[in-house]
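> Starting from these lines, generate the structure:
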Amino acid sequence: MIQKNDINQVIKNACNAMNEIKNAQELFTIWDHLKEKDSDGNQISVLPYTEKAIQGFTKIFNSNPNDINIVHHLAIAHHARAWDYELSNHPDAITEWEKAIDYWEILVSSDIFWDQMKNKYHRLDPQSDLKHIDNIRHSLFEQLMEIHLEFIQHYCEKFDFYHAKDHANIVNTRTKSSETLNILSKNFLDKMTESHPEAIEEQDYESALSMIECFLLVFPNYLPALSLYAETANKYLDTLSYKTNWNDIIALEKRIEKSIFLIDENNELEKNPLVKQSLSDLCRDFAQKSYHQGDSYFEAYQNDTISALDLNKGIISLELAIKWGRLGYKHATSASDIDVILSNSLLVHSMYIRDEVCNIMDSDEDISTRIDTCIDLLTKAQSNLKEAEKTIDGNSSICSLLTKVNDDLEKIISAKNQMVLDW
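Numbering: from 1, shown residues only. Presented below is the predicted three-dimensional model:
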């Protein structure tokens, strides 16, 4: 007597056989779609894809996602269509690249596919070294990502950063192996900075920085590139005078700030003393030029020879000096004078604040508002001067001003408390 389980198996086998026949019929139709024919209907070549072929392969894949040969066809077809979309500036190009990578990822992780490849290779050449297939499998994803790096370079050279960022996103999100990412990073940096030495020699710092910026678009945290960026920026900064090129200094500061501060956040920084030195040198020079600019404005202000607008420029200059001074001081070597630059910047900035407090207290604003504003400002000056004291021990100017600020703060807080009592 036939058992129920046997009947079920017979039905299952019959269904599988029917599906195989159906798939074979569909494949025959798909292959016909891939034939390029002349006007007489004769085949002249085989196309990597057609729209109907992709639809047919996708239908089979959806019914049997374990058919690794169909996956291979889909990887090739979507890859080829992605190229065509990219070159024609099609809006779905990136989506098509992503689809192709999805199928390539399945292939790379499939032992069945690579065993098939070895068997085919062995039949063609029984003496062949099958390690060659393993090497292809190991490097396939790296080679796929190299395509996107080429596009990034192409778009950066055309200043098309919108499309460059699309490909950068693919490289960063789809590269799973840290080993592959390191190889890609090093090779791409070498390629993007090939003409960097010539640009430095010709003092074309705009181009020298742009080369590295294109790289950082893809790998923003790659320490060797960030170090080269800091060195290049410092060479550029050395050519700029705070007296005659202050606007250029400000523009450079805004341009590089985000990437330079990423060096400070990098976990590998402490293991790289040369990178720390590059960072510290750049910060020191930014802080020094900003301090001199702010100090010159303050001197003119004390002599009543500048406007309120120029006074504000001086304050901004000193705030820049403090920002870069703090970062440089954090990573400075014992031979650096960044401690002096930082403490002087904090000192002069506090002088500005104290003078501003005097002006506010002499103004016609509401007394309560004046007192609250002055307390905030003096508290900031107090904090600055305490930081300066820690940076440079025993500086009489710092100690003297800190005493005055403490006295001012105490008087104003007392006045506020008295107002509360009177109310």
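> how about low-confidence regions in this structure?
Scanning the chain for pLDDT under 70 picks out 1-31, 33, 35-44, 308-309, 335, 420-423.
> for the residue nearest the centre of it, phi and psi?
Central residue of the chain (Cα atoms, centre = their mean): P220, 2.9 Å from the mean position. Here is the backbone geometry of P220 (degrees, to the nearest 10): phi -70, psi -20.
> Now for it: which residues touch it?
Under the criterion of Cβ atoms under 8 Å, 6 or more residues apart in numbering, the neighbours of P220 are S259, L262. Glycine gets a C-beta too; all of them are placed from N, C-alpha and C.
> And it, how far from F188?
From P220 across to F188, the span is 13 Å (Cβ to Cβ, to the nearest Å).
> And D129, by the same measure?
From D129 to F188 the distance is 30 Å (Cβ to Cβ).
> between those two, which one's more packed in?
F188 (23 against 10; other Cβ atoms under 10 Å).
> How about the contacts made by that one?
Counted by Cβ under 8 Å, 6+ apart, F188 has contacts L149, I152, Q153, F215, V218, F219.
> Out of these, which is nearest to A230?
F215 (13.7 Å; Cβ to Cβ).
> Now for the closest one, how many residues are close by?
Neighbours of F215 using other Cβ under 10 Å come to 28.
> And for Q143?
Quick note: Q143 (other Cβ under 10 Å) scores 9 neighbours.
> host element of it?
helix 131-157 (DSSP states H and E).
> now R284
helix 273-302.
> How far does the helix or strand following that helix sit from its chain's centre?
Counting by DSSP H and E, the next helix or strand C-terminal to helix 273-302 is helix 308-330. Offset of helix 308-330 from its chain centre (Cα atoms, centre = their mean, to the nearest Å): 26 Å.
> Just the CA coordinates for helix 308-330, please, in PDB.
Provided in PDB are the C-alpha atoms of helix 308-330 (Å, rounded to 0.1, in the frame of the first residue of the first chain):
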ATOM      1  CA  ALA A 308      33.200  98.900  16.800                       C
ATOM      2  CA  LEU A 309      33.100  96.600  13.600                       C
ATOM      3  CA  ASP A 310      36.800  96.300  13.600                       C
ATOM      4  CA  LEU A 311      36.800  95.600  17.300                       C
ATOM      5  CA  ASN A 312      34.400  92.600  16.700                       C
ATOM      6  CA  LYS A 313      37.000  91.400  14.100                       C
ATOM      7  CA  GLY A 314      39.600  91.400  16.800                       C
ATOM      8  CA  ILE A 315      37.400  89.400  19.100                       C
ATOM      9  CA  ILE A 316      36.700  86.800  16.400                       C
ATOM     10  CA  SER A 317      40.400  86.600  15.700                       C
ATOM     11  CA  LEU A 318      41.200  85.800  19.300                       C
ATOM     12  CA  GLU A 319      38.400  83.200  19.400                       C
ATOM     13  CA  LEU A 320      40.100  81.500  16.500                       C
ATOM     14  CA  ALA A 321      43.400  81.700  18.200                       C
ATOM     15  CA  ILE A 322      41.900  80.100  21.300                       C
ATOM     16  CA  LYS A 323      40.200  77.300  19.300                       C
ATOM     17  CA  TRP A 324      43.300  76.300  17.400                       C
ATOM     18  CA  GLY A 325      45.600  77.000  20.400                       C
ATOM     19  CA  ARG A 326      43.600  74.500  22.600                       C
ATOM     20  CA  LEU A 327      43.900  71.800  19.900                       C
ATOM     21  CA  GLY A 328      47.600  72.400  19.300                       C
ATOM     22  CA  TYR A 329      48.300  72.500  23.100                       C
ATOM     23  CA  LYS A 330      46.600  69.200  23.500                       C
END
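> And the strands in the stretch 1-150 of the chain, which stretches?
35-37, 43-46 (DSSP state E, counting those that start in this stretch).
> Chain neighbours aside, what residue packs nearest to Q203?
Excluding the flanking residues, the one nearest Q203 by Cβ to Cβ, 6 or more residues apart in numbering is T239, at 6.9 Å.
> re the thing from before, got JSON lines for the contacts of F188, with distance to L327 too?
Shown next, in JSON lines, are the contacts of F188 (distance: Cβ to Cβ, whole Å):
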{"residue": "L149", "distance to L327": "31"}
{"residue": "I152", "distance to L327": "29"}
{"residue": "Q153", "distance to L327": "31"}
{"residue": "F215", "distance to L327": "22"}
{"residue": "V218", "distance to L327": "25"}
{"residue": "F219", "distance to L327": "22"}
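> Nearest to S207 among the residues you listed?
For the contacts of F188, the nearest to S207 is F215 (13.4 Å; Cβ to Cβ).
> how about the nearest residue to that closest one, chain neighbours excluded?
M192 (4.5 Å).
> And L140, by the same measure?
In space, L140 is closest to V108, 5.7 Å off (Cβ to Cβ, 6+ apart).
> and that neighbour, how many residues sit next to it?
17.
> Would you check how far apart it and N135 are?
In this view, V108 and N135 are 13 Å apart by Cβ to Cβ.
> K289: neighbouring residues, count only.
25.
> The residue nearest to it when sequence neighbours are not counted in helix, strand or coil?
Using Cβ to Cβ, 6+ apart and skipping the chain neighbours, the partner closest in space to K289 is Y242 (4.3 Å). Assigned by DSSP: H, G, I helix; E, B strand; the rest coil, the conformation of Y242 is coil.
> Now for Y242: which residues touch it?
Y242 neighbours (Cβ under 8 Å, 6+ apart): I249, K289, S290, H292, Q293, S296.
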